[in-house]
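Student: With the sequence up front, the predicted model follows.
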Amino acid sequence: MAPRFLTVFAVLGVILAGAPIASAEPDLAQRLDAAVTAKLAEMGAPGVIVGISVPGQIDYVRAFGVADTATGEPMSIDDHTRIGSVTKTFTGTAVLQLVDQGRVSLSDPISRYVDGVPNGDVITLDMLGRMRSGLFDYSKDEAAFVGPVYAESPKGPDAFAFTPQQLLAVAFAHPPNFAPNAEYEYSNTNAVLLALVVERVTGMPFGAYLQQHLFDPVGLTQTSYPPNGAMPAPFAHGYTPAPDGRTVDATFWNPLWADAAGRIVSTYADQRAWAAALGSGALVSPATQSARLANLTSVVPGVGYGFAIFEAHGWIGHNGDIPGYATVTVYLPERNATLVVMVNDDGPEPHSAGQIATVVTELVTPDHVYRLAGAAPTQGS
């Protein structure tokens, strides 16, 4: 979820492991194997989990490469990874559930729920979800945030336990970048504020709300909003380029600083289920889902950003990265298709999981190629 200030490992061979493939095109799976293998080697990333399901065409799930470069342990489709800014789709959905219940309105100013927000009487919940608030992104403050992340995080899974209030203090020490709703700029600060709204309205800790109202209803039994940097087994180690150029193991870095912008841990199976639930609007009303995807802000050619969700050449969902991991979780309504890519290296540019999503969709859904034109709308989050 952090910016890509943070070359990469040479892949130690490609090890294939995964579920059986059912395909109406006998050679499509083999072509996918070859394309993913080649892209993984080109990027120099250790491993990846890839799954694309298009009813009537293919149900393809594979794990390539290694989960641990020290031991050579192969990547498994059951491995837990950090999903970075895919977390924002959960945060946005939580807010929209409260909209459906009449407990909040997207036209409400954030000042109604959180004190001390610059321009808080003008910035609405809708502007926060659509990345149009103008608020400074705390994760771009080099001195107060970026430096400490890399200095403190390696000290252990409980280190660098920033609270939402501390994150907002970093953000609010900077003036807004533009007037509310004047333009689009991706900011992790927005998601932190939306989670505080959920807590204020429901009286529940945000993680508990997610568990009860999103994880449990969708059956996401391997998804969590963790309290520290510990990882549930089995898990893939995650690798990130440090400021000094070394590649470091960031597996157990505390994600509390990512908060509602990027804190969640999950698995391929859960992300596949989430892609379908998110894309179909299963947890919100049809009208709210339609509004969520309306009035998209064009951020790069073919890609528009809605309320904590984007549409990229027909695929709707989100990407994410956090030190050590990169993810794409998207749904193609036209084909009732899901695509999930989870890479255990956030170093390769542009967006390692996005690169693999592109080569996969070039083969499987050539009319809907997942492509962000070299500039992810999340700018590496």
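Tutor: Happy to help now that I have it.

Student: Quick check: next helix or strand after the host helix or strand of Tyr150?
Tutor: If you go by DSSP states H and E, Tyr150 is part of helix 147-152. Following helix 147-152 in sequence order, the next helix or strand is helix 164-172 (DSSP H and E).

Student: still on that earlier bit, list the buried residues for the helix holding Tyr150?
Tutor: Using 16 or more other CB atoms under 10 Å as the test for burial, helix 147-152 gives 148-150, 152. (C-beta placed from N, C-alpha, C; glycine too.)

Student: pLDDT-wise, which helix or strand of this structure ranks last?
Tutor: Scoring the helices and strands of the chain by mean pLDDT, DSSP states H and E places strand 22-23 at the bottom, with a mean of 45.

Student: coming back round to it: out of the buried residues of helix 147-152, flag the one nearest to Gly306.
Tutor: Nearest to Gly306 among the buried residues of helix 147-152: Val149, at 28.8 Å, using CB to CB.

Student: Show the pLDDT at the closest one.
Tutor: On the pLDDT scale, Val149 is placed at 94.

Student: show me where the stretch 101-250 of the chain has strands.
Tutor: Using DSSP state E, counting those that start in this stretch, the strands of the stretch 101-250 of the chain run over 239-241, 247-249.

Student: Gly306: which of these is closest?
Tutor: Shortest distance between Gly306 and the strands of the stretch 101-250 of the chain, using CB to CB, is found for strand 239-241: 29.0 Å.

Student: Tell me the buried residues in that closest one?
Tutor: Buried residues in strand 239-241, counted by 16+ other CB under 10 Å: 239-241.

Student: For this protein, give me the ranges with low pLDDT.
Tutor: Along the chain, segments meeting pLDDT under 70 span 1-26, 373-381.

Student: how about a cut-off of 50?
Tutor: Flagging of the chain using pLDDT under 50 yields the residue ranges 1-24, 374-381.

Student: which SS class is Thr93?
Tutor: Following DSSP: H, G, I helix; E, B strand; the rest coil, we place Thr93 in the helix state.

Student: Tell me, how many residues neighbour it?
Tutor: With neighbours defined by other CB atoms under 10 Å, the count for Thr93 comes to 26.

Student: excluding its backbone neighbours, what's nearest it?
Tutor: In this structure, Thr93 finds its nearest non-sequential neighbour in Leu283, 5.6 Å apart by CB to CB, 6 or more residues apart in numbering.

Student: you'd agree the one you found is up against Gln97?
Tutor: Yes. Between Leu283 and Gln97 there is a contact at 6.4 Å, judged by CB atoms under 8 Å.

Student: hey, what's in contact with both of those two?
Tutor: Common neighbours of Leu283 and Gln97, counting by CB atoms under 8 Å, 6 or more residues apart in numbering, are His213.

Student: hang on, the earlier thing: the residue nearest to Thr93 falls within a strand, correct?
Tutor: No. Under three-state DSSP, Leu283 falls outside any strand and is assigned coil.

Student: And for it, the neighbour number?
Tutor: For Leu283, using other CB under 10 Å, the count is 20.

Student: dump the residue contacts of it.
Tutor: Residues near Leu283 by CB under 8 Å, 6+ apart: 93, 97, 213-214, 217-218, 277.

Student: most neighbours, which of those residues?
Tutor: Within these, most neighbours by other CB under 10 Å means Thr93, with 26 neighbours.

Student: Next, work out how far apart that residue and Thr81 are.
Tutor: Thr93 is 20 Å from Thr81, where distance means CB to CB, to the nearest Å.

Student: Spatially central, which residue of this protein would that be?
Tutor: Nearest to the mean C-alpha position of the chain, counting by CA atoms, centre = their mean, stands Val86 at 2.3 Å.

Student: Report the spatially nearest residue to that residue, omitting neighbours in sequence.
Tutor: Closest to Val86 by CB to CB, 6+ apart is Gly320, at 4.2 Å.

Student: What of Asp141?
Tutor: In space, Asp141 is closest to Val170, 5.2 Å off (CB to CB, 6+ apart).

Student: quick revisit: out of the strands of the stretch 101-250 of the chain, nearest to Thr37?
Tutor: Set against Thr37 and scored by CB to CB, the strands of the stretch 101-250 of the chain come closest in strand 239-241, at 18.6 Å.

Student: which strands and helices sit next to the closest one?
Tutor: Strand 239-241 is packed against strand 247-249, with contacts defined by 3 or more CB pairs under 8 Å, 6 or more residues apart in numbering; DSSP states H and E.

Student: Tell me the gap between the strand it packs on and the middle of its chain.
Tutor: Chain-centre distance of strand 247-249: 20 Å, with CA atoms, centre = their mean, to the nearest Å.

Student: coming back round to it: and the strands of the stretch 101-250 of the chain: which comes nearest Phe136?
Tutor: strand 239-241 (23.4 Å).

Student: what distance separates that closest one from the centre of its chain?
Tutor: 17 Å.

Student: Check stretch 123-132 too.
Tutor: Here stretch 123-132 is found 18 Å from its chain centre; the criterion is CA atoms, centre = their mean.

Student: try stretch 163-178
Tutor: The mean C-alpha position of stretch 163-178 is separated from the chain mean by 21 Å, CA atoms, centre = their mean.

Student: cool, stretch 74-82 as well?
Tutor: Distance of stretch 74-82 from its chain centroid, counting by CA atoms, centre = their mean, is 16 Å.

Student: residues making contact with that stretch?
Tutor: 15, 17-19, 46-49, 51, 61-67, 222, 231-236, 238, 255, 262, 264-269, 322, 324-325, 327, 342, 344.

Student: now do stretch 292-301
Tutor: With CB under 8 Å, 6+ apart, stretch 292-301 has contacts from 92, 96, 130-132, 184, 281, 284, 304-311, 316, 372-375, 377.
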